[in-house]
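**Q** how would this look folded up:
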Amino acid sequence: MRLEITPYYAAILALLFIVLSVRTIKTRREHKIAIGDGGEKSILRASRVHANFSEYVPFTLLLIGMVELLSYSPLIVHALGIILVFARLSHAYGVSQPNENFKFRIFGTATTINIIGVCAFLILIKPFFTLG
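**A** Numbers count the residues shown, from 1 in each chain. Coordinates of the predicted model:
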């Protein structure tokens with residue numbers, strides 16, 4: 001078995017990572033702050049969106065890839081990938097807003113954590129049950 005689905009979600013999320021990186025760089029240049037946030041909330045927001053993405057997405061993609069390698073249904077792998085993309089877009093949108101709507105942030109975070117949990121569960125039960 002090889003990875004045929006997960007790389008597409010990795011590529012989509014890589015493009016989102018680039019957008020978040022560029023936005024953080026532009027915000028830093030705009031305020032002439034190279035390190036830290038200098039008390040500027042827009043830099044703090046941009047850098048936290050970028051950092052949170054960096055903290056969660058690689059590990060989650062790794063787990064989705066493992067689910068795929070264990071020969072779960074392509075439908076399950078696509079569902080995990082699509083939901084992850086929407087979760088990260090929601091989180092990025094929510095945290096980026098100056099007057100943050102916590103619904104987007106909470107949805108993005110909770111959904112990402114749930115995907116991690118679902119993947120872990122699927123990986124752990126695979127030896128005992130055949131699903132999808």
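**Q** can we go C-alpha only for contacts and neighbour counts from here?
**A** Will do.
**Q** How many residues are close by residue 111?
**A** The tally of other residues near residue 111 (other C-alpha atoms under 10 Å) stands at 19.
**Q** ok, and the closest non-adjacent residue to it?
**A** residue 87 (5.9 Å; C-alpha to C-alpha, 6 or more residues apart in numbering).
**Q** residues near that neighbour, how many?
**A** 23.
**Q** what's next to the helix or strand harbouring it, contact-wise?
**A** Residue 87 belongs to helix 74-96 when assigned by DSSP states H and E. Outside helix 74-96, the residues that touch it by C-alpha atoms under 8 Å, 6 or more residues apart in numbering are 5-6, 9, 12-13, 42, 45-46, 49, 53, 61, 64, 67-68, 100-109, 111-112, 115, 132.
**Q** Recalculate using a threshold of 6 Å.
**A** By C-alpha atoms under 6 Å, 6 or more residues apart in numbering, the residues outside helix 74-96 that reach it are 9, 45, 49, 100-101, 104-105, 108, 111.
**Q** Below-threshold pLDDT in the chain: ranges please.
**A** 130-132 (pLDDT under 70).
**Q** Would you point out which residue is most central in it?
**A** Nearest residue to the geometric centre of the chain (C-alpha atoms, centre = their mean): residue 57, 3.8 Å.
**Q** Which elements pack onto the helix ranked longest in the chain?
**A** Identified as the longest helix of the chain according to DSSP state H is helix 41-69. Here helix 41-69 touches helix 6-31, going by 3 or more C-alpha pairs under 6 Å, 6 or more residues apart in numbering; DSSP states H and E.
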